[in-house]
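Engineer: I would like the atomic coordinates for the input below:
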Amino acid sequence: MKNDSRTVHHNAQPLDSDQRSVAAELLKDVNGVNQEAEIFAVVVPAAGTLAGRLAASIYKSLEGRSYDSVVIIAAGSESAEGRINIWNADTYAGTNGVLAVDDHLRNELCDEDDDIYVSDDGHYVDDGIRAQLPFLHEAVGSFRIVPVVMGEEAPEFCRELGGALSEVVHNRRTLIVAAVDIESGTEESVSKLAEYMCALDESRLFELIRSRAVKLRGGGALMSALIAGSRRGARRIEVLDVYLPDEGPGGIAAVIAK
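Structural biologist: Modelled structure (predicted):
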């Protein structure tokens, strides 16, 4: 578990670009977590211009690791309302070219639950998925992608997606990335968010998020990643840093590991 030395900061200045060259420079200047940990999932800011160093601290922890596929989960737009949609094309255009979509993993996720669909509904927004790609390319190299947007983030949908992910990634080199922004919250409520994450306390996290004491964009992504990790044997979350919302959204950087 993360110790109590974590700090809560005010929002960092936006970056001018989230391209690969910027990601590479940021990765040179940050520290990651223990490289011996088996990292199952990460939580990063959804807004690519939010706090590049916050995201970089997470992706630094992935350097030298190899993943066959990366599942990136983000909040969906209104067009995805009431469902979970996985990108429906064979490729996905990012900031560094075109990535192959892991069709086998995508189809297995859809087979696991009736609320998961193959559709581009909800994907044509700034959902934070593309913002992760420069960092991922720099940190882990090549991989296939499974872009997921959640048009519904109720607990039952989070449990369905988290459960489905825990089933299909068994014995696979798969990373889950949860793209999350903190839209509003006090220092106290955001600290509670980090505390409950570190404790893997699913019930209190759901309660906090639903109370709106902390308003998240991507709360469903966070909970789905945490649930999938817990069911696959993850026993600790390290919260590296937290930024409070100020003139823009805040963010949280965390690693879910075994």
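Engineer: Is the spatially most central residue of the chain in a helix, a strand, or coil?
Structural biologist: Nearest to the geometric centre of the chain sits Ala178, at 1.2 Å (CA atoms, centre = their mean). Classification of Ala178 using DSSP: H, G, I helix; E, B strand; the rest coil returns strand.
Engineer: That one reaches Gly218, doesn't it?
Structural biologist: Yes. Between Ala178 and Gly218 a contact is recorded at 6.5 Å, counting by CB atoms under 8 Å. Every C-beta, even on glycine, is put in place using the N, C-alpha and C of the backbone.
Engineer: Identify the residues contacting Thr186.
Structural biologist: Shown in contact with Thr186 (CB atoms under 8 Å, 6 or more residues apart in numbering): Ala213, Leu244.
Engineer: Can you check which residues contact both of Ala178 and Gly218?
Structural biologist: Counting by CB under 8 Å, 6+ apart, the residues touching both Ala178 and Gly218 are Ile73.
Engineer: what about Gly122, which SS state?
Structural biologist: Going by three-state DSSP: Gly122 is coil.
Engineer: can you offset everything so residue one is 47?
Structural biologist: That works, and once the first residue is 47, the last one we named lands at Gly168.
Engineer: is it true that it touches Gly128?
Structural biologist: No. At 10.3 Å, Gly168 does not count as touching Gly128 under the criterion of CB under 8 Å.
Engineer: of those two, who's got more company?
Structural biologist: Legend: neighbour count by other CB atoms under 10 Å for Gly168 and Gly128, higher for Gly168 (24 against 11).
Engineer: how close does the more buried one sit to Arg190?
Structural biologist: Note on Gly168: its distance to Arg190, by CB to CB, to the nearest Å, is 21 Å.
Engineer: Next: Val68.
Structural biologist: If you go by CB to CB, the gap between Val68 and Arg190 works out to 24 Å.
Engineer: One more: Arg282?
Structural biologist: For Arg282, the distance to Arg190 - CB to CB - is 27 Å.
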